[in-house]
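J.: using only what follows, build the 3D model:
(chains A, B, C, D, E, F, G and H, ligands or ions: 10)
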Amino acid sequence: MSQPKLMQGNEACALGALAAGVRFFGGYPITPSTEIAEQLAEQLPKVGGTFIQMEDEIASMAVILGASLAGKKVLTATSGPGFSLKQELIGYAAIAEIPCVIANVQRVGPSTGQPTSPAQGDVMQARWGTHGDHPMIALSPWTVRESFDVAVKAVNYAERFRTPVIILLDEVVGHMREKVVLPADNEIEIYSRRQPTKSREEGYQPFTPEADLVPNPADFGTGYRIHVTGLVHDDTGFPSGSPKITEQCIKRLHEKIDCVKDEITHYDEFFMEDAEIAVVTYGGTARTAYAAVEEARAQGKKVGMIRLMTIWPFADKVIKQAAAKCKALLVPEMNYGQLVMEIERAAAGQTKVVSMPKYNTEIFTPNEISGAIDQLLSEVAK
Amino acid sequence: MSQPKLMQGNEACALGALAAGVRFFGGYPITPSTEIAEQLAEQLPKVGGTFIQMEDEIASMAVILGASLAGKKVLTATSGPGFSLKQELIGYAAIAEIPCVIANVQRVGPSTGQPTSPAQGDVMQARWGTHGDHPMIALSPWTVRESFDVAVKAVNYAERFRTPVIILLDEVVGHMREKVVLPADNEIEIYSRRQPTKSREEGYQPFTPEADLVPNPADFGTGYRIHVTGLVHDDTGFPSGSPKITEQCIKRLHEKIDCVKDEITHYDEFFMEDAEIAVVTYGGTARTAYAAVEEARAQGKKVGMIRLMTIWPFADKVIKQAAAKCKALLVPEMNYGQLVMEIERAAAGQTKVVSMPKYNTEIFTPNEISGAIDQLLSEVAK
Amino acid sequence: MKQLRLSGSGGQGLITAGIILAEAAIAEGKEAVQSQSYGPEARGGASKAEVIIDDKFIYHPKVVNPGVVLAMTQQAVDKYSADLAEGGLLIIDTDLVPNPPQGKKIISVPITKLSTEKLGRELFANIIALGLLVKITGVVSLDTIKAAVANRVPPHTVDKNMEALLIGYQAI
Amino acid sequence: MKQLRLSGSGGQGLITAGIILAEAAIAEGKEAVQSQSYGPEARGGASKAEVIIDDKFIYHPKVVNPGVVLAMTQQAVDKYSADLAEGGLLIIDTDLVPNPPQGKKIISVPITKLSTEKLGRELFANIIALGLLVKITGVVSLDTIKAAVANRVPPHTVDKNMEALLIGYQAI
Amino acid sequence: MSKLIIRTNRCKGCNVCVTFCPKKVLALDTLGKIYAVDEASCIQCGQCELRCPDFAIRVAPKEAK
Amino acid sequence: MSKLIIRTNRCKGCNVCVTFCPKKVLALDTLGKIYAVDEASCIQCGQCELRCPDFAIRVAPKEAK
Amino acid sequence: MKDYEEYFRTNRLPHIWCPGCGNGIVMKSIAKAIAKLDLDQDKTVIVSGIGCSSRASGYMDFDTLHTAHGRAIPFATGVKLANPELNVIVITGDGDCTAIGGNHFIHGARRNIDLTVVLFNNNIYGMTGGQASPLTPTSKKATTAPYGVVDRPFDPCQLAQAAGATYIARGTAFHAAQLPDLIAKGIQNKGFSLIEAITPCPISYGRRNKLGDSPAMLKLMSESAVPLTAYGKLAPEQQEGKFPIGVLHESHFGEYSKEYSHVIERAEGGQK
Amino acid sequence: MKDYEEYFRTNRLPHIWCPGCGNGIVMKSIAKAIAKLDLDQDKTVIVSGIGCSSRASGYMDFDTLHTAHGRAIPFATGVKLANPELNVIVITGDGDCTAIGGNHFIHGARRNIDLTVVLFNNNIYGMTGGQASPLTPTSKKATTAPYGVVDRPFDPCQLAQAAGATYIARGTAFHAAQLPDLIAKGIQNKGFSLIEAITPCPISYGRRNKLGDSPAMLKLMSESAVPLTAYGKLAPEQQEGKFPIGVLHESHFGEYSKEYSHVIERAEGGQK
Ligand SMILES: Cc1ncc(C[n+]2csc(CCOP(=O)(O)OP(=O)(O)O)c2C)c(N)n1
Ligand SMILES: Cc1ncc(C[n+]2csc(CCOP(=O)(O)OP(=O)(O)O)c2C)c(N)n1
Ligand code: SF4
Ligand code: SF4
Ligand code: SF4
Ligand code: SF4
Ligand code: SF4
Ligand code: SF4
Ligand SMILES: [Mg+2]
Ligand SMILES: [Mg+2]
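T.: Ligands and ions are numbered 1, 2, ... in the order given. Here you go, the predicted model:
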């Protein structure tokens, strides 16, 4: 355990990635994510790693995928406009099963929007931004320390499931500084790059799934001479036009994540035992929500809170349970109302779901959330 | 009314756009959308219009936005990978309120996927593909004739609401040929480019909304000297960092579409009067579904069908009503299960919603859907 | 409802043949749907064109039980003739399909050879096949298909194509 | 919980000052959160840095009722002093804030002028302001803030910055 | 008529005009705004206007003699 | 030993080798596959192998004399 | 000749640029070029990307279009092709034009579409706070190049020439009297014109590289910029650290919108 | 020297290319170049984009990477930088490299990263069925240029040179004996190398432009390609319709991955 330190969320994210073994960063500057790149431009060469600033966000995504195939753990960082540009290649990473982490520090959009102001407006894009079908893992931290932890998790999941993982930071957490105590190196669990378990002669095929449904394509340069493509392919890695193979290919991509869904659905519950209503929240907004909920509890109000760290895959079960026992769920988000739609879907009419959108560049105040809590409590009391 | 003709969906889409007044196309070739470009490369100059093939899909999107601001009605066409690349500038069009139509002829994804095979895998991307918050209009035709009609509607909506509109074709409808009779020119309603209703001296501001919440920014070159930006801006068109302006700006974008939601929600209901279960479907899949439903009705089974032409904004009300009266909704889609999530949300637990995904490059057969209908009927009979 | 499938390899002109057939059906006042599927190859590879003809609007756009399958290569037979309808007919190019399947009603005509030998180029094999198809199925009249062919092909090739059509029509 | 806001224009170094203050609080074993907000301008424009100091974990990261607002420009006063807590204190740069607001407890110090006159450059105004803030609020001890400043600024500027800190500390 | 028209609100005190004025006419005040210390010496050469990045100085055209 | 090794399954009948063979050794059969009409005339110049886009012809190296 | 201030939206001044930022000088030069040519203010469009420099469009009193990062040229291409009677001027930064926008830049040049591109080259990403751009000189420092830039900058003028631009010039913010002329000539060229305007960014570039304040950076420019003919006469070792200014290249080729108008004529006439 | 077939995944042959398509000839030349240099087959990576030509990666027995349209160069950059001991060869089409991939192309050249880019130039988008590419000559027809192309093609060699490539050569599928040499020299160059290989697409380009079948197109190449020195001696009017082949440019500059390794050395040593 290190000394307590004042640290920025973006910095913690960069250091978390580094601690998890990231040794390659390719990126293109964009507010409010730039500190991640700047931090790694300085740190990576110190540990023999590589930082490269590319000509745009597409090239940044491409360069990390190439580096990942050549054996490095990789990261890129961006914000809204750049995240939009990366979508095609995020899909490539999904179908070609290339481990990579994309940190998206959200700001107000659409388009150039309000570059220096906070938002949580890319939550749905993180799931649905690219064409075609594939699953997505997206994690959103609410503290600076958790930015570090989430970065470690993201790298580990990317490697373990050979899939792109998105860190959904928001400007609030990304740019704020707070006191953190980082874990010591030996306290950090690291998932190493998967390796082939047999030789070509023994019948190795690069995309044959292991028991966990994840394949072990060999790193380039290790003598396996594999083929990697963004076309639908079979276990050999070569393209196939067969309907059966296509179904298998797309299905396995989803199932390798589905089958660990519970394990990778991280969330906190606060005061939920006897909660009449619950605030469902994530990212920077969760901090304010907690302040309001804690205050409400102090006043004896039966309010609980669910804080989602895992945004995707979506925590259906958690929300279903909460919906079954609470009279209403309040969903404050720094956007026009995005994740609330998933919450509505999961709630399936069991309870009232109240969207509380805010998209004016300002973060919620505890008072606003307290007010909404009070109103909701009075409504459900009727 | 013209002579009956064998025509391809893509061709009909191009001709519909032309009939609606499109005089500028910028694009980049990609299967299975290329025929739209090829058609217009030939036709546009014949009517004094302009076709340009750009260096990529981003430039294609940019060039049509420039042309639109200079007064032309504009179209681009693409497929999955290109659609992903266009997302950033689709967001630009949304916030800068630039009329434009994007035809996306869906193919199997993610990434390069199966370029020549049909899918409906970009349905959620059409809504959520770009960063930040803005609404989206997306229309999906199920016949060749409707590809023409939808193109006309798309152009009209783009102009009327000054917003990007997406035509969600699928390879089935885009590439099939069938008999069509096109409307005569005078049967086609056309919405002309909105014009300023007063002068600068009279206090004209380019982004002041009219009663329908849509502003009338002047075309470039008409003497108004307006400023257009992708930053959040006020009525003058100039950037503003104010929370109040930001809220107004983003809110009005949504409300201008929300307030006409019913009017632009196009759908067909078939056999719904006494339907015990209903198939909810869209695009090419709806053709097969209809064949199965018609057959089932012929056998006296109480099956109905809702065919959505408007995919976004989502037909909540229609689905809610159907959910209230049917015992189950069956949702066949050529993807891993996308729009079914919205249907689940709208159904809000009132009825059983059954996803029927198919994503193996082959379209549904009537038998598959009949089978699913029969099974569902027997389940709800219990 | 008539369901026809024209299969072979990319470049053999079967999509054009399918289009012409559908246009002929429309000219006779019928409904018609034509569709195709193909692989990544610009030439070669298995590809198919399908035509459905009916008196009323055709919803499901793909052939389910083809009454007739034309197969111009071995690969096409192997890939696209399995679901031939009970009692359906398989038409093959004699030379290009060395191993015809068992247990099917088959008409074998050396279509490509006819094209090269009688018209000097392989190019007209698709129109010969079309003539053959029309003769066998009677889905449209000879006059209608003539007009449809004349309407589609480049003007300077009309005569040769008419010849090809008749070669096919008279091949059995 | 102490809530402080340091406002001015981009380039005046107030974010650095805020960071140093937060680091000093941490050095004293407290919890601290520092945040900022700024416009599109790299220099000029209104910008603010906020620091919250408490004994327990700080959830909501922004200042709600600032007990102290430092404002180094007129624009900053206008934009960022309205929500000053009841009884809160407004510290302004005498020369750069020609129109101080009515009805607030105000301490006016010619911070920037002190910097230019005593240290030859405007550059140290932020550290002078920091000294002033620490003296007025007592959130951290003088020694702690000295160490925090020394820790953050470039080594060859430590002495000047110590001077600046004291100038501020002794300014009232 | 004065030789120099100064828009103080636009001036950001960058020192460019001060540096390039051949006659040392200009200087910055404590608030970092430009003013003419010695307008009399001004030869209306236009350097300050030419170079000011903020359009804060205009030089009156030399009167035709 | 034969001078030419032909992999018929790879040949696509493009006529390139036929055109560039200086000795008119090669021709296409009815199915559009290459065969040697006159292998005896082959001078093992390697043109056909060099130019075949489909790796369908190999020319045996000339035997050292 | 109108006064250059008439081309500004003066109610939006002062602008957001830092003290001493050269962007104002270059923007003024554009206004002077327009004044000089007496372009119809209502038929002139300014299109910019994203960056400090690209903010200029907001201050200029024309139809103005502030696009997305890197995309000014294809937006401008649309404006021009949709209405070829418009004069279209593009304002772009070194990052905007040659990093994310590099492809559009060379394709605009290749098409020889009638745009006048004024590249505000401050050798850095100004707006985002000082990251290296493709025009940051080798071994200079930037926030993303704390150990110094390892790669070699483009020469955007050579690149544009190889891509097909028909007018290419380079000027500097120091040579403020010459710049309007270079730009005016570019506007007059019916085809793709590039004017590279080298301009100081004291805040995001100068400081980190110890180049001094804006006046110092301007002086540096006055020393390193050499008129083309004089530059040509320097020995290679004398050229070290110097660069040529003036009109660097002029050539002729059909302009895109003009050529396309011929397509329209033929197509309308039913020909191919 | 290994036989070139040993570098093919022969079990995947025949390939998908059309009869007479020149891609097979160019791919064979790459294999021969590798054979000639006896590169370690396990330490050589082929990276391609999307297009007919880019399908070549699937037929070559190395670690092979078939990326997205236009993005082969940045993927390859990642491979090379992550493991500089690998030989990285990029296979790309004219559309892939100079249309959608144009920016990556010039930036690869600018960085002088050690990649050998073999550009299969068939003057058309083959895979999507014959649309115009930035290398389709002016006035030639394409499905998206039914009235003929109005703009001017890039000279990709000139473009690469202006951008900073340190080895540039051009060959053709007709000159099949020379091509392996040109490629081998490119592989030997420690820096960014471009080999433009002009190759016939009889199906999507030749037919529409009435250039005949593949043998006819190859003959046309034999007539229009002229060795660089001979080409230099032609009068301008004689150059019309002809183009130079051979090694067009060689120069020296620090290679990116090498230069970056110095950054690592310095940083690991605690220096800046
Ligand atoms: C797609 C996208 N990527 C990144 C950014 C962030 N960004 C804004 S301006 C800029 C660079 C500006 O540099 P330059 O073009 O040189 O202009 P300058 O500010 O130096 O005038 C960047 C990277 C963005 N807005 N959009
Ligand atoms: C983002 C994206 N846009 C468009 C396409 C469609 N596409 C595939 S290959 C190709 C062009 C191929 O041309 P070229 O690079 O010259 O290769 P060739 O087929 O001629 O060898 C295009 C436009 C795509 N796959 N992805
Ligand atoms: S006009 Fe010339 S002399 Fe007068 S103030 Fe300006 S620069 Fe100095
Ligand atoms: S050049 Fe302009 S902005 Fe700078 S000090 Fe002089 S008047 Fe002020
Ligand atoms: S080796 Fe030469 S002579 Fe022999 S077949 Fe081949 S091309 Fe003809
Ligand atoms: S060159 Fe090759 S593919 Fe072409 S005909 Fe000859 S052997 Fe066959
Ligand atoms: S950061 Fe640089 S380019 Fe941007 S306004 Fe400041 S000085 Fe000018
Ligand atoms: S379309 Fe052209 S490039 Fe593609 S395989 Fe066929 S001949 Fe080759
Ligand atoms: Mg710059
Ligand atoms: Mg090509």
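J.: the helix or strand in which residue G:36 is found vs ligand 7: in contact?
T.: Per DSSP states H and E: residue G:36 is located in helix G:23-37. Yes: Helix G:23-37 reaches ligand 7 (C-beta under 6 Å from any ligand atom) through residue G:23. For the C-beta atoms, the positions are set from N, CA and C on the backbone; glycine is no exception.
J.: now the closest residue to residue G:22 other than its chain neighbours: how far from residue G:208?
T.: Spatial nearest neighbour of residue G:22, chain neighbours left out: residue G:199 (3.2 Å); criterion: C-beta to C-beta, 6 or more residues apart in numbering or on different chains. Distance, residue G:199 to residue G:208, by C-beta to C-beta, to the nearest Å: 17 Å.
J.: elements contacting the helix or strand that residue C:133 is a member of?
T.: Secondary structure assignment for residue C:133, by DSSP H and E: helix C:125-137. The contact analysis (3 or more C-beta pairs under 8 Å, 6 or more residues apart in numbering or on different chains; DSSP states H and E) places helix C:125-137 against strand C:2-10, helix C:14-27, strand C:68-71, strand C:89-93, strand C:105-109, helix C:111-119, helix C:142-152, helix C:158-169.
J.: quick one: the helices in the stretch 151-272 of chain G?
T.: G:156-163, G:179-188, G:214-224, G:228-233, G:236-239, G:256-268 (DSSP state H, counting those that start in this stretch).
J.: redo these as TSV? Include distance to chain C and mean neighbour count.
T.: Converted to TSV, those look like this (distance: least, C-beta to the nearest C-beta, whole Å; neighbours: other C-beta atoms under 10 Å in any protein chain shown):
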stretch	distance to chain C	mean neighbour count
helix G:156-163	30	24
helix G:179-188	44	22
helix G:214-224	54	18
helix G:228-233	50	12
helix G:236-239	51	10
helix G:256-268	20	18
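J.: which one of those lies closest to residue B:73?
T.: helix G:256-268 (16.6 Å; C-beta to C-beta).
J.: who touches the closest one?
T.: B:45-50, B:52, G:80-81, G:84, G:111-114, G:190, G:272, H:147-148, H:150-151 (C-beta atoms under 8 Å, 6 or more residues apart in numbering or on different chains).
J.: only alpha carbons, please: show it as CSV.
T.: Output in CSV follows, covering the C-alpha atoms of helix G:256-268 (Å, rounded to 0.1, in the frame of the first residue of the first chain):
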residue,chain,number,x,y,z
TYR,G,256,-13.2,20.3,-60.0
SER,G,257,-16.5,22.1,-59.9
LYS,G,258,-15.9,23.5,-63.4
GLU,G,259,-15.1,20.0,-64.7
TYR,G,260,-18.1,18.6,-63.1
SER,G,261,-20.3,21.3,-64.7
HIS,G,262,-19.2,19.8,-68.0
VAL,G,263,-20.5,16.5,-66.9
ILE,G,264,-23.8,18.1,-66.1
GLU,G,265,-23.9,19.7,-69.5
ARG,G,266,-23.2,16.4,-71.2
ALA,G,267,-25.7,14.5,-69.0
GLU,G,268,-28.4,17.0,-69.4
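J.: and residue A:108, how far from ligand 4?
T.: Distance, residue A:108 to ligand 4, by C-beta to the nearest ligand atom, to the nearest Å: 32 Å.
J.: residues in contact with that residue?
T.: Applying C-beta under 8 Å, 6+ apart to residue A:108 gives the contacts A:114-115, A:117-119, A:121, A:359, A:361, B:132, B:232, B:246.
J.: at 7 Å instead, please
T.: Residue A:108 sits next to A:114, A:117, A:119, A:121, A:361, B:132, B:232, B:246 when contact means C-beta atoms under 7 Å, 6 or more residues apart in numbering or on different chains.
J.: tell me, how many residues neighbour the residue nearest to residue G:212 when sequence neighbours are not counted?
T.: Sequence neighbours aside, residue G:206 is the residue nearest to residue G:212 in space, at 6.4 Å (criterion: C-beta to C-beta, 6+ apart). With neighbours defined by other C-beta atoms under 10 Å in any protein chain shown, the count for residue G:206 comes to 22.
J.: how about residue G:139?
T.: 12.
J.: surely it touches residue G:147?
T.: No: when contacts are counted by C-beta atoms under 7 Å, residue G:139 is not listed as touching residue G:147 (9.2 Å).
J.: ok, the residue of chain C found nearest ligand 1 - contacts?
T.: In chain C, no residue comes nearer to ligand 1 than residue C:40, which is 32.2 Å away by C-beta to the nearest ligand atom. The contact partners of residue C:40, taken as C-beta under 7 Å, 6+ apart, are B:116, H:16.
J.: please enumerate the helices of chain A.
T.: A:9-19, A:34-43, A:57-69, A:80-96, A:123-128, A:144-161, A:171-175, A:243-258, A:261-264, A:283-298, A:316-325, A:339-347, A:366-381 (DSSP state H).
J.: name the helix or strand of chain A that has the lowest mean pLDDT.
T.: strand A:114-118 (a mean of 95; mean pLDDT, DSSP states H and E).
J.: show me what it is packed against.
T.: Packing partners of strand A:114-118 (3 or more C-beta pairs under 7 Å, 6 or more residues apart in numbering or on different chains; DSSP states H and E): strand A:100-108, helix A:171-175.
J.: got the angle between it and helix A:80-96?
T.: 80 degrees (axes from the mean of the first three to the mean of the last three C-alpha atoms, to 10 degrees).
J.: partners of strand A:114-118, with directions?
T.: strand A:100-108 (antiparallel) (DSSP bridges).
J.: how many other residues sit next to residue G:269?
T.: 8.
J.: in stretch G:50-64, what counts as buried?
T.: The neighbour-count check on stretch G:50-64 (16 or more other C-beta atoms under 10 Å in any protein chain shown) flags G:50-64 as buried.
J.: returning to that earlier point: the helix holding residue G:36 - contacts with which helices or strands?
T.: Helix G:23-37 packs on strand G:116-121, helix G:179-188, going by 3+ C-beta pairs under 7 Å, 6+ apart.
J.: now the first one - C-alpha only, PDB.
T.: The C-alpha atoms that make up strand G:116-121 are tabulated as PDB, following Å, rounded to 0.1, in the frame of the first residue of the first chain:
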ATOM      1  CA  THR G 116      -8.400  28.600 -50.400                       C
ATOM      2  CA  VAL G 117      -7.000  26.800 -47.400                       C
ATOM      3  CA  VAL G 118      -5.200  29.000 -44.900                       C
ATOM      4  CA  LEU G 119      -3.300  26.700 -42.600                       C
ATOM      5  CA  PHE G 120      -2.500  28.300 -39.200                       C
ATOM      6  CA  ASN G 121       0.700  26.500 -38.400                       C
END
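J.: is any residue of that strand near ligand 9?
T.: No: using C-beta under 5 Å from the ion, strand G:116-121 never reaches ligand 9; the gap is at least 6.5 Å.
J.: got phi/psi on residue E:36?
T.: Backbone torsions of residue E:36, given as degrees, to the nearest 10, read phi -90, psi 120.
J.: now do residue C:34
T.: phi -120, psi 140.
J.: verify the stated contact: it with residue C:22.
T.: Yes: assessed by C-beta under 7 Å, residue C:34 is found in contact with residue C:22 at 4.1 Å.
J.: got any residues that touch both of these two?
T.: Listed contacts common to residue C:34 and residue C:22 are B:6, B:177, C:51; contacts here mean C-beta under 7 Å, 6+ apart.
J.: out of these, which are close to chain F?
T.: Near chain F, judged by C-beta under 7 Å from any C-beta of the partner chain, there are no entries from the shared contacts of residue C:34 and residue C:22.
J.: what does the stretch 101-250 of chain G put close to ligand 7?
T.: Close to ligand 7, as judged by C-beta under 6 Å from any ligand atom, the stretch 101-250 of chain G has residues G:122, G:126-127, G:201-204.
J.: one more time with 5 Å, if that's ok
T.: Counting by C-beta under 5 Å from any ligand atom, the residues of the stretch 101-250 of chain G close to ligand 7 are G:126, G:201, G:203-204.
J.: contacts only, for whichever residue of chain C sits closest to chain H.
T.: Residue nearest to chain H within chain C: residue C:43 (3.8 Å; C-beta to the nearest C-beta). If you count contacts by C-beta under 7 Å, 6+ apart, residue C:43 has them with C:10-11, H:18-19, H:203.
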